[in-house]
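J.: okay, predicted coordinates and the sequence, questions at the end:
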Amino acid sequence: MAVSQLIGASIKRREDPELVTGGGTFVEDLSQTAVAHLYVVRSTQAHARILGIDSSRAREASGVLAIWTGKDLQPEFQAPLPVTVSFVEEKKYPAMYPLATDTVRYVGEPVAIVVATSRSAAEDAAERLDIRYQTLPAVVDIEKALAKDSPVIHDDIGSNISYDVKRSAGDIEAAFRDADVRITQRLVQQRLIPVAVEGRGVVADYKPFADTLTVWSSTQIPHFVKVWLGVILGIPESKVRVVAQDVGGGFGSKIRVYPEEVLVALASRRLSRPVKWTEDRNENMKATHHGRSQIWDVEVAARRDGTVLGVRATQYLDLGAYCSQFGTFMAIALLIAQGPYKLKAFDGRGVGVFTNRTPTDAYRGAGRPEATYLIERVMDLVAQEVGLDPVDVRRKNFVTAAEQPYTNLFGLTYDSGDYTVTLDKALTLVDYPAFRREQAEARKRGKYLGIGFSTYLEICGLGPSVATTAATGIGLWGMSVVNLHFTGKATVIIGSSPHGQGHETTFAQIVGDALGLPLEDIDVVHGDTAIGPMGMNTYGSRSASVDGAAVHMSAVKVREKARKIAAHLLEAAEADIVYESGKAFVKGAPSRALTIQEITGAAFQPHRLPPDMEGGMEATTFFNPPNFVWPFGAHIALVEVDGETGATRIVRYVAVDDCGTRINPLVIEGQVHGGIAQGIGQALYEEAVYDEAGQLKTGTLVDYMVPTAPDLPSFELASTTTPSPSNPLGVKGIGEAGTIASTPAIINAIVDALQPFGVKDVDMPASPEKLWRLMHQNGGVRR
Ligand code: MCN
């Protein structure tokens, strides 16, 4: 394949042969000599005072090296676990430390650690610990936690409310005054458990004489973990190295600095030997953060012609027992809930609530699935109320291509997009008129088909430094180093930290494209803070549009240097040098071309360089994008709901996505497939269920139902390409789009299927039982 065509080429992921043949290096695969094993003893109570921990029997168990409680370790913590600003500055939250000291507030909260010579010895010893609790009343329900007589989870805060803020724009009173119809609806985002294939794991190795700490962690954010371990443990950042080698998925659940990272590092420092911890699945489901868990109360003002004038919405966000690092990020939903539509007003209120459950934090989409679910359900609710086609209602409200770049009610500027084009393409693919005919026929035969639309718009590519500082307290940027070795082979250091997204492939394509190097000559390295400058890691579908753009910019800098050297060697003016497919030549004389390998060789021989030029072929870029990127698309789900059992079958799923310039369509398809599956999981199957006492009832993969391949149809994907003006590649993100789009598409389709029963909304997950009840609640078919 010609190297200049690398951007846009569907190249198989170079990461995969090693991973699928068991050759990957995950934390569990590391085998440091003399490693000790750490076991985290976790609270069995949702809310209780710790009256005492007697470790005398446990200490006698064989192989035990140390047992420490929160009280033992507290003096060594120089700071609590981090909490970033995350859209809500006004919040009250308690300091969260790696181990509870006096009170536990959710089942799974770490209360002690046991370090032993083997994992089983540590686990056996942990069973001999005698922890005495005084059980306190627990509250596991958002609304009950808000009630006046609710148990208070943090005495120092005095209520279970972390924040109660307004985010409003436009004249909402006027919108409701001018409305012909007003609709009220509660939308519930159930609590979800991110289930990455690889759970979390940490190995730490502290060297006392050098005072250096190396930590291998299954994390999305090695660069942030490095900073925070230094801060919390009082070690200079320059002496901390964090490595994230192969990471088996994260989906947002590995985006924070976790208690275990600090505890394993501290244990290694105390014992002066390497220490390892790996969670099991049950621990993973209890103690790795959860996602969503929100109640939205929504009021809509609309005209009979389908114009949506304004929305009032209150987001009750269940933070769980503590405010996690990005726990309030999901409030971003309030600022983007108008989606691709021209609302006149949005009156938002966000309430952050503590409950005695596992803390919540980012989960694939983080805020955008909630915003999209809200506005896409609103479009359908309005269509149903005024008796119009949901497609027409969407068209009526769309921001048009001529109005781009469009600034939304909260001052965020959409970069580019024609939302009708993706919708039209998707409608053609499903043959919409034919489906409606088939649906009408099927209904006569007692067969319930439905079609659901989701014309999503999302914000990603974090991000512009000013905006992300305001929102998260961290000024984000993209980082890359492109370094050509003496023989012209390239090492590319990236600031992102892929954990399933294929950056080693796609970022090599970017470099190959700019420099005309063959892919096999380009190595992409990541996830090691000892190599290269600080990066900003991977989340928020930011990597391609921010770090990928930085990679392109470094490659272009190297290319420009190559042109200068070629001009010198060919004794020509730089302006006359053409660079094409890895060769530089004087315009019109390609036969005397110098290859990039020859030019790079010269770059390491100072006498061959222009007198004012330093040697080497390396460029570094810190890219601060001027704006976020705004991918969009149209997803359409066709479903059949079984009238006898209430079971939903997805008959077809069509997705047309626009993520700007497509670097690798095959990787994009993989991302969209996984994303759609995850969104369908929320719509149909998944829910973290707690009992009244705060025990997680869905703590295994037998009780918590994630979709598997047989549950899903073959997705039909298509695309349009609207380049983003926010980066030199024109790229927008795609890592979360499928999840953001698919949940409302499925629920809209189910509600459409159940129109004959007068159904207006369905709670997620749309289980067969719930749908069966809805079909029978009013005595069966109504119209
Ligand atoms: N890409 C492309 N062309 C584009 C956009 C992206 O070829 N126009 C490619 C990129 O080069 C990259 C991949 O698609 O290889 C995803 O890029 P991007 O949209 O920038 O997203 P990130 O790489 O920043 O990944 C983060 C995103 C998020 S936020 C979650 S959550 C998520 C996701 O990616 N978690 C994942 N995808 C996942 N995939 C796997 N396998 N595992 C996870 O945990």
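T.: Looks like it arrived, so ask away.
J.: near the ligand, which residues of the protein?
T.: 196, 249-252, 364, 499-503, 506, 538-545, 548, 659-664, 667-668, 671, 674, 731-736 (Cβ under 6 Å from any ligand atom). Yep, even glycine has a C-beta here, placed from its N, CA and C like the rest.
J.: which stretches of the stretch 51-200 of the chain form helices?
T.: 56-59, 70-73, 119-127, 142-146, 172-177 (DSSP state H, counting those that start in this stretch).
J.: now these in TSV, with mean pLDDT, mean neighbour count and distance to residue 654?
T.: TSV is the format used below for those (pLDDT from 0 to 100; neighbours: other Cβ atoms under 10 Å; distance: least, Cβ to Cβ, whole Å):
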stretch	mean pLDDT	mean neighbour count	distance to residue 654
helix 56-59	97	15	58
helix 70-73	97	18	52
helix 119-127	97	19	47
helix 142-146	98	18	35
helix 172-177	98	16	33
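J.: before we move on, what SS does the residue nearest to residue 395 when sequence neighbours are not counted have?
T.: The spatial neighbour of residue 395 that comes closest, neighbours along the chain excluded (Cβ to Cβ, 6 or more residues apart in numbering), is residue 420 at 6.5 Å. Following DSSP: H, G, I helix; E, B strand; the rest coil, the label given to residue 420 is helix.
J.: neighbours of residue 592, how many?
T.: Look at residue 592: counted by other Cβ atoms under 10 Å, it has 9 neighbours.
J.: can you tell me how far the residue lying closest to it once chain neighbours are set aside is from the ligand?
T.: With Cβ to Cβ, 6+ apart as the criterion, residue 592 has its nearest non-adjacent residue at 6.1 Å, and that residue is residue 585. Per Cβ to the nearest ligand atom, to the nearest Å, residue 585 is found 31 Å from the ligand.
J.: go ahead and list the helix or strand containing residue 585.
T.: Element membership for residue 585 (DSSP states H and E) is strand 583-586.
J.: C-alpha coordinates for that strand, CSV please?
T.: Written as CSV, here are the backbone C-alpha positions of strand 583-586 (Å, rounded to 0.1, in the frame of the first residue of the first chain):
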residue,chain,number,x,y,z
LYS,A,583,11.6,11.3,-0.7
ALA,A,584,12.8,14.9,-1.1
PHE,A,585,13.8,16.2,-4.5
VAL,A,586,14.2,19.5,-6.5
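J.: who touches it?
T.: The contact list for strand 583-586 (Cβ atoms under 8 Å, 6 or more residues apart in numbering) reads 516, 562-563, 566, 570, 572, 576-578, 590-596, 599.
J.: next one: it to chain centre, how far?
T.: Counting by Cα atoms, centre = their mean, to the nearest Å, strand 583-586 is centred 43 Å from the centre of its parent chain.
J.: would you mind identifying the next helix or strand past that strand?
T.: Using DSSP H and E, the helix or strand that directly follows strand 583-586 along the chain is strand 594-595.
J.: what packs against that following strand?
T.: The contact analysis (3 or more Cβ pairs under 8 Å, 6 or more residues apart in numbering; DSSP states H and E) places strand 594-595 against strand 583-586.
J.: coming back round to it: and the residues of the chain next to the ligand, which of them are in helices?
T.: Mapping the residues of the chain next to the ligand onto helices (DSSP state H) picks out 503, 506, 667, 668, 671, 674.
J.: quick one on the thing from earlier: which residues sit in contact with the residue nearest to residue 395?
T.: Contact analysis of residue 420 by Cβ under 8 Å, 6+ apart lists 395, 398, 400, 401.
J.: please point out which parts of the helix or strand of the chain with the lowest mean pLDDT sit buried.
T.: Confidence across the helices and strands of the chain bottoms out at helix 465-472, with a mean of 82, counting by mean pLDDT, DSSP states H and E. Residues of helix 465-472 classed as buried by neighbour count (16 or more other Cβ atoms under 10 Å): 465, 467, 468, 471, 472.
J.: what is the distance between it and the centre of its chain?
T.: The chain centroid and the centroid of helix 465-472 are separated by 17 Å under Cα atoms, centre = their mean.
J.: ok, and what's touching the next helix-or-strand element following it?
T.: Using DSSP H and E, the helix or strand that directly follows helix 465-472 along the chain is strand 478-484. Residues from elsewhere that reach strand 478-484 (Cβ under 8 Å, 6+ apart): 490-496, 511, 515, 532-536, 542, 546-551, 553-555, 557-558, 596, 600, 603, 617-625.
J.: and the pLDDT for the residue in the stretch 301-450 of the chain that the ligand sits nearest to?
T.: As assessed by Cβ to the nearest ligand atom, the ligand sits closest to residue 364 within the stretch 301-450 of the chain, at 3.9 Å. The model reports residue 364 with a pLDDT of 98.
J.: what's the answer for residue 22, then?
T.: pLDDT for residue 22: 94.
J.: that one and the ligand, how far apart?
T.: Taking Cβ to the nearest ligand atom, one finds residue 22 at 17 Å from the ligand.
J.: residue 606 now?
T.: Using Cβ to the nearest ligand atom, one gets 37 Å for the distance from residue 606 to the ligand.
J.: burial count for that residue?
T.: Count around residue 606 with other Cβ under 10 Å applied: 12.
J.: in space, what's closest to it - neighbours in sequence excluded?
T.: In space, residue 606 comes closest to residue 615 once its chain neighbours are excluded; the distance is 5.2 Å by Cβ to Cβ, 6+ apart.
J.: count the residues that sit near that neighbour.
T.: Counted with other Cβ under 10 Å, residues neighbouring residue 615 total 12.
J.: tell me the secondary structure for it?
T.: Secondary structure, three-state DSSP: residue 615 is coil.
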